[in-house]
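Trainee: would you be able to build a 3D model of this:
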Amino acid sequence: MTPDAPTAAVSAPDPVTALDQRLGAAAAHLLHPAPAATAPRRPGQQAATLLPALVAAYQRTRDRESLWLLLAAVAGALPREEDLRAAARYLELARGSRAEVRLLDIAFELAADTHESCEMDVVTGTVLADVDFCARRDFHTGIQRVVRETVPRWEESHEILPVAWTDTYTCLRRLHAWEVPNVMAYRAGAGTAQRRADHGDTRLVLPLRSTIVLPEIPEPEASDCYAALSQWTSNRVVAIGYDMIPIVSADLRPGFEATRFTRYLNAVKHADRVAAISRSATAEFTGFAQALVAQGLRGPVVSEVFLPAAPPDAHGETAAPPVASRPENARPVIVCVGTHDPHKNHATTMHAAERLWREGLDFELVFIGGVGFMGPDHLCFQDAIRAGRPVRDLGRVSDETMAAEIRRADFSVFLSLHEGYGLPVAEALACGTPVLTSNFGSLQEIAEGGGCVTVDPRDDDAATDAIRALLTDRTRLGRLRDEIASRPARTWDTYAEELWAVATEGSR
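Mentor: Here you go, the predicted model:
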């Protein structure tokens, strides 16, 4: 997709004109035969004509998807489960103008949170990808990497419509011009630099008989809309299952995250499929799906689509550049990649390093990753830096800088307590760098292919012993590098195609 030029300011249609257009778009799908498209003589004339016909058509068929489309068109917002149930009950009992007034009451309450009047497109038989977070934000860690590696590949080989949400998270919309390259051709800072307050017309999107892929974790309001969409329409919702850390490891995450995640699970439980990124993630989401029997629900079909292992700067290439040579007596370098959050367990790495420095070992420790939810006051390496230890904190860096630091390191340490996949381990191995990581879950899965040493990340002695061994035994490091060279290659191209097959065909 070629990035669009910045769009000049476009004035939004007035509310009545927008309602005319939306009801016309809905009528093309709900009335048979569809009314001929004619320009109304005055604003509101088309709505006044179509609304009674649309309400009467629903009352004849009682088709759930028709009510969803009708309510969304009137409100300019996606209805939630409670909105649809209330409308269905009112329209079952009311007739004529009373039914229309009841529908308008519900729609106007639903639309109260919207900030602008928008026209809409009804799309059928389409695959949509909800890329709201990546489109809006210049943030690029694990989930965002998956989105920005996968969706552009789909766009090259398949028909796909990337969508985001309105600012109030009440309806899906087409991407604004400045958001397209932030997803399809990401460069750090580029999207923020192009953003403009006058971003052009906001065009709503309503899917029918389509597939909506959720490669991100939607906002809570969006999750509620997806739950209703799955239950009331023929659309299919397919989610990428990353992990259940906010629930399973809630003690290591902020409380608000668990609340938000449960809203997301409301969408997942009504989804058609979940494509989990590892065996561990598959086990978590399968367990959740099985628990839904207690509610009389089938739950989503859960499939495993294992993530690839490519260098951060490879852009789909799998061959890692050669490791830069260093003098034989150069100070060893250990790299630790990951956001500074409690479940990443950097404190164990830092504690082991301090013990080894006190033993007299000479090495440098490099941290790469942004500040986590606990803020900079909780960074585990601050005391070591003040004490003059050889510690560097690079914070968030470009993919190229990250790859260069990983390649120059003797080995990487990633002793996380819970990961859905463990991208820092996979990327280090793809760069040809051995890794010390955790001996369970998805990290153990990655380690099985070779090039890794695994320990219990909760055991300080085991972590210290393993780092000491890797610092002092060059022969062992060489063997690990040989194992890396024989690991089977798995690319982003392969992952994107397997994920597409699960999302659109139902099987790999």
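
Trainee: how close does the residue lying closest to Arg203 once chain neighbours are set aside get to Ala164?
Mentor: Closest residue in space to Arg203, ignoring its immediate chain neighbours: Arg174 at 4.6 Å, by CB to CB, 6 or more residues apart in numbering. The C-beta positions use only the backbone N, C-alpha and C, and glycine is treated the same way. Distance, Arg174 to Ala164, using CB to CB, to the nearest Å: 8 Å.

Trainee: can you check Ala222 too?
Mentor: Ala222 sits 10 Å away from Ala164, going by CB to CB.

Trainee: intersection of neighbour lists for the two?
Mentor: Common neighbours of Ala222 and Ala164, using CB atoms under 8 Å, 6 or more residues apart in numbering, are Asp130, Asp132.

Trainee: right, and Arg487 touches Ala447 too?
Mentor: No. Assessed by CB atoms under 8 Å, Arg487 is found out of contact with Ala447, at 10.6 Å.

Trainee: need the residues touching each of these two.
Mentor: Common neighbours of Arg487 and Ala447 are not found (criterion: CB under 8 Å, 6+ apart).

Trainee: on that earlier part again, pick out whichever of Arg174 and Ala164 has more residues nearby.
Mentor: Using other CB atoms under 10 Å as the criterion, Arg174 and Ala164 rank with Ala164 on top: 23 against 20.

Trainee: quick check: bridge partners of the more buried one?
Mentor: Counting by DSSP bridges, Ala164 forms beta bridges with Arg173.

Trainee: does it touch Glu179 like I think?
Mentor: Yes. Using CB under 8 Å, Ala164 makes contact with Glu179 at a distance of 6.5 Å.

Trainee: what touches both of those two?
Mentor: With CB under 8 Å, 6+ apart as the test, Ala164 and Glu179 both reach Ala135, Arg136.

Trainee: give me the below-cutoff pLDDT ranges for the stretch 1-150 of the chain.
Mentor: Low-confidence segments of the stretch 1-150 of the chain (pLDDT under 70): 1-12, 37-40.

Trainee: at which residues are the helices of it located?
Mentor: Secondary structure of the stretch 1-150 of the chain, counting by DSSP state H, counting those that start in this stretch: helices at 15-30, 45-61, 64-75, 81-93, 96-110, 132-136, 142-157.

Trainee: any chance of a markdown table for the ones you listed, columns distance to Leu361?
Mentor: Below are the helices of the stretch 1-150 of the chain laid out as a markdown table (distance: least, CB to CB, whole Å):
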| stretch | distance to Leu361 |
| --- | --- |
| helix 15-30 | 68 |
| helix 45-61 | 74 |
| helix 64-75 | 64 |
| helix 81-93 | 59 |
| helix 96-110 | 63 |
| helix 132-136 | 41 |
| helix 142-157 | 31 |
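
Trainee: Arg263: which of the ones you listed is closest?
Mentor: With CB to CB as the criterion, Arg263 lies closest to helix 81-93 of the helices of the stretch 1-150 of the chain, at 12.4 Å.

Trainee: ok, residues contacting stretch 365-381?
Mentor: With CB under 8 Å, 6+ apart as the contact definition, stretch 365-381 has outside contacts at 141, 253-254, 257, 333-342, 344, 346-347, 349-350, 353, 384, 389-397, 402, 405, 409.

Trainee: name the SS class of the residue nearest the centre of the chain, please.
Mentor: Central residue of the chain (CA atoms, centre = their mean): Glu216, 1.6 Å from the mean position. Following DSSP: H, G, I helix; E, B strand; the rest coil, we place Glu216 in the coil state.

Trainee: any figure for the gap between it and Ile277?
Mentor: From Glu216 over to Ile277 the distance is 13 Å, taken as CB to CB.

Trainee: ok, now Val293?
Mentor: With the distance defined as CB to CB, Val293 ends up 24 Å from Ile277.

Trainee: looking at these two, which is more packed in?
Mentor: Between Val293 and Ile277, Ile277 has the larger neighbour count (other CB under 10 Å), namely 27 against 10.

Trainee: in the stretch 351-500 of the chain, which spans are strands?
Mentor: Counting by DSSP state E, counting those that start in this stretch, the stretch 351-500 of the chain has strands at residues 364-368, 391-393, 411-414, 435-438, 452-455.

Trainee: check which element follows the worst-scoring helix or strand of the chain on mean pLDDT along the chain.
Mentor: In the chain, no helix or strand scores lower on mean pLDDT, DSSP states H and E than helix 190-194, which sits at a mean of 56. Past helix 190-194, further along toward the C-terminus, the next helix or strand under DSSP states H and E is strand 204-208.

Trainee: let me see the contact set for Arg396.
Mentor: Applying CB under 8 Å, 6+ apart to Arg396 gives the contacts His140, Ile368, Gly369, Gly370.

Trainee: apart from its chain neighbours, what residue comes closest to Arg102?
Mentor: Nearest to Arg102 is Tyr90, by CB to CB, 6+ apart, at 4.0 Å.

Trainee: surely that neighbour and Leu104 touch.
Mentor: No. In this structure, Tyr90 is not within contact of Leu104 by CB under 8 Å, at 10.7 Å.

Trainee: got the strands of the stretch 351-500 of the chain as TSV, with distance to His32 columns?
Mentor: Shown next, in TSV, are the strands of the stretch 351-500 of the chain (distance: least, CB to CB, whole Å):
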stretch	distance to His32
strand 364-368	59
strand 391-393	64
strand 411-414	59
strand 435-438	59
strand 452-455	61
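
Trainee: would TSV of the ones you listed with distance to Leu19 and mean neighbour count be doable?
Mentor: TSV is the format used below for the strands of the stretch 351-500 of the chain (distance: least, CB to CB, whole Å; neighbours: other CB atoms under 10 Å):
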stretch	distance to Leu19	mean neighbour count
strand 364-368	51	21
strand 391-393	54	18
strand 411-414	54	28
strand 435-438	55	28
strand 452-455	59	21
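
Trainee: could you dump these to CSV with mean pLDDT?
Mentor: Formatted as CSV, the strands of the stretch 351-500 of the chain follow (pLDDT from 0 to 100):
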stretch, mean pLDDT
strand 364-368, 96
strand 391-393, 94
strand 411-414, 98
strand 435-438, 98
strand 452-455, 98
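
Trainee: out of those, flag the one nearest Asp272.
Mentor: strand 435-438 (32.5 Å).

Trainee: neighbouring strands for the closest one, and are they parallel or not?
Mentor: Looking at strand 435-438 with DSSP bridges, its partner strands are strand 411-414 (parallel), strand 452-455 (parallel).

Trainee: in CSV, list the ones you listed along with distance to Arg476.
Mentor: Shown next, in CSV, are these (distance: least, CB to CB, whole Å):
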stretch, distance to Arg476
strand 411-414, 10
strand 452-455, 8
